[in-house]
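Colleague: how does the following fold in three dimensions:
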Amino acid sequence: MKKYFVAGMRVLGIVLVAHALMLLGADKISTIESGGVRTIRSLEYILTLYGADPKAWHMDLSAPLTMAVVTIMSLPGWASWPSSAALFHLSLVRANKAQKDVPRTGLRSQLCPL
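Modeller: The predicted structure follows:
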C-alpha cells in the first residue's frame with residue numbers, strides 16, 4: 001500500500017512541475033504578445049480560471065492565517081506549483097529514510113544490501 005502512495009505522490013509532483021512549466025511559458029508568451037510588458041499571473045488568477053474562488057477560502061480565517069493565504073495567493077502561479085511539489089518530495093524522502101532504518105533480514109538483505 002505504501003509503495004502505491006509513494007508512486008502516486010511522485011506522479012503528482014511531476015504533474016505539478018509540468019503544470020508550472022506550462023504556466024511559465026504562458027506568461028512568457030503573454031509578455032511577448034503585449035509588446036514587452038511583463039505579464040505574470042498570480043495563483044489567485046489561475047485558480048479563478050479553473051473555477052475555484054480563492055477569496056472565499058480565507059474569509060473565516062484568523063488575521064495571521066489570512067495574511068499567509070493572501071501572500072501565497074499573490075505568488076506567481078508558476079512559482080507556487082513547484083514549491084508544493086518540493087514539499088511532496090521532502091515528505092517522501094523523510095518516509096524513505098525512516099523505512100531504510102529498519103534492519104533487513106533474510107533474502108531481501110542478500111539481494112538489496114544497503
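Colleague: show me the contacts for the residue most central in space within the chain.
Modeller: Nearest to the mean C-alpha position of the chain, counting by Cα atoms, centre = their mean, stands residue 84 at 2.4 Å. Listed by Cβ atoms under 8 Å, 6 or more residues apart in numbering, the contact partners of residue 84 are residue 16. C-beta: built from backbone N, CA, C; applies to glycine.
Colleague: in what helix or strand does it lie?
Modeller: Using DSSP states H and E, residue 84 maps to helix 77-100.
Colleague: and residue 30, by the same measure?
Modeller: Following DSSP H and E, one finds residue 30 within helix 2-33.
Colleague: state the mean pLDDT of that helix.
Modeller: For helix 2-33, mean pLDDT rounds to 86.
Colleague: tell me the domain ranges of the chain?
Modeller: Listed domain ranges for the chain are 1-40+77-101, 42-75 (source: automatic domain parsing).
Colleague: distance of residue 80 relative to residue 14?
Modeller: Distance, residue 80 to residue 14, by Cβ to Cβ, to the nearest Å: 16 Å.
Colleague: one more: residue 58?
Modeller: Distance of residue 58 to residue 14, computed by Cβ to Cβ: 29 Å.
Colleague: looking only at neighbour counts, state which of these two leads.
Modeller: Counted by other Cβ atoms under 10 Å, residue 58 and residue 14 do not tie: residue 58 has more neighbours, with 16 against 12.
Colleague: name the nearest residue to that one, ignoring sequence neighbours.
Modeller: Spatial nearest neighbour of residue 58, chain neighbours left out: residue 69 (4.2 Å); criterion: Cβ to Cβ, 6 or more residues apart in numbering.
Colleague: A helix includes that neighbour, no?
Modeller: Yes - according to DSSP: H, G, I helix; E, B strand; the rest coil, residue 69 belongs to a helix.
Colleague: show me what contacts it?
Modeller: Contact partners of residue 69, counting by Cβ under 8 Å, 6+ apart, are 57, 58, 61.
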